[in-house]
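Q: Could you work out the structure for the sequence below:
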Amino acid sequence: MKTRIWAARSVATVSGVVLAGALLAPSAVAHSGPDPKGPGKHTSGKKTPAKKTPAKQAPAKPVVDGAQQGQVGGRKCVTSRDVASAVVDYSGSGLFETVFRSATDEQGHAFLNDSRNPGVWINLALVPGAPKCVYDTALAVTEEDPGHLYITLLASNGTLHQATCTSTSSSPFSPANLATACAPGFTELADTPV
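A: Next up, the predicted model:
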């Protein structure tokens, strides 16, 4: 009888160890992951060729060759795409339900859209002081008429640039009036924690 109890405990212990190993191993592998450029710990030291990243996959962070300010000296700025929006939701404002959208493309250009001017995306490089390689955008809007639209751009070097634009119900933003509405233009925010 003691032999059967001992055997049952041994089987239970071995099963528990195997189960724990099966549960912990995938998370350990996922956490550290294999190095695609070097040999894995499971190989005999032979290098295996690294797999190529799919062409349509955007990098998680901006990649800038050399200078951190975009197309300087023929060097290319590459970032991921980003979209932000802000809406005037005060019904007493002449700007009620106006949606402002900002977006970046994979080359680091930033654009603004005013819902009162559908289909028109304004390159924010028209506003003085805009960074040349933009990684992220943010928008905020006040409820008054005229109100203020705050555009914040994160440059590839980690600095923030902000412009305050005056928005009125009588004229939507367009390429012709954006620089004037956002005068004096983008200024770098001091002490950006990069």
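Q: where along this protein do the strands fall?
A: When secondary structure is read from DSSP state E, the chain shows strands at 63-64, 77-78, 82-87, 99-104, 110-114, 121-123, 134-141, 147-155, 160-167, 187-188.
Q: Out of these, the one nearest residue 178 is which?
A: Put simply, out of those the one that sits nearest residue 178 is strand 121-123, at 5.3 Å, with distance taken as CB to CB. Yep, even glycine has a C-beta here, placed from its N, CA and C like the rest.
Q: what about residue 155, neighbour count?
A: Residue 155 has 27 neighbours, counted by other CB atoms under 10 Å.
Q: Quick check: residue 138 touching residue 84?
A: Yes - Residue 138 sits in contact with residue 84 when judged by CB atoms under 8 Å, with a separation of 5.4 Å.
Q: Show the contacting residues for residue 86.
A: Residues touching residue 86, when contacts are defined by CB atoms under 8 Å, 6 or more residues apart in numbering, comprise 99-100, 139-141, 149.
Q: Among those residues, which pair sits farthest apart?
A: Maximum pairwise distance among those (CB to CB): 13.1 Å, between 99 and 140.
Q: Now do the buried residues in stretch 80-88.
A: Neighbour counts over stretch 80-88 (16 or more other CB atoms under 10 Å) mark 80, 82, 84, 86, 88 as buried.
Q: Redo these as TSV? Include distance to residue 126.
A: Putting the buried residues of stretch 80-88 into TSV (distance: CB to CB, whole Å) gives the following:
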residue	distance to residue 126
80	23
82	19
84	18
86	19
88	23
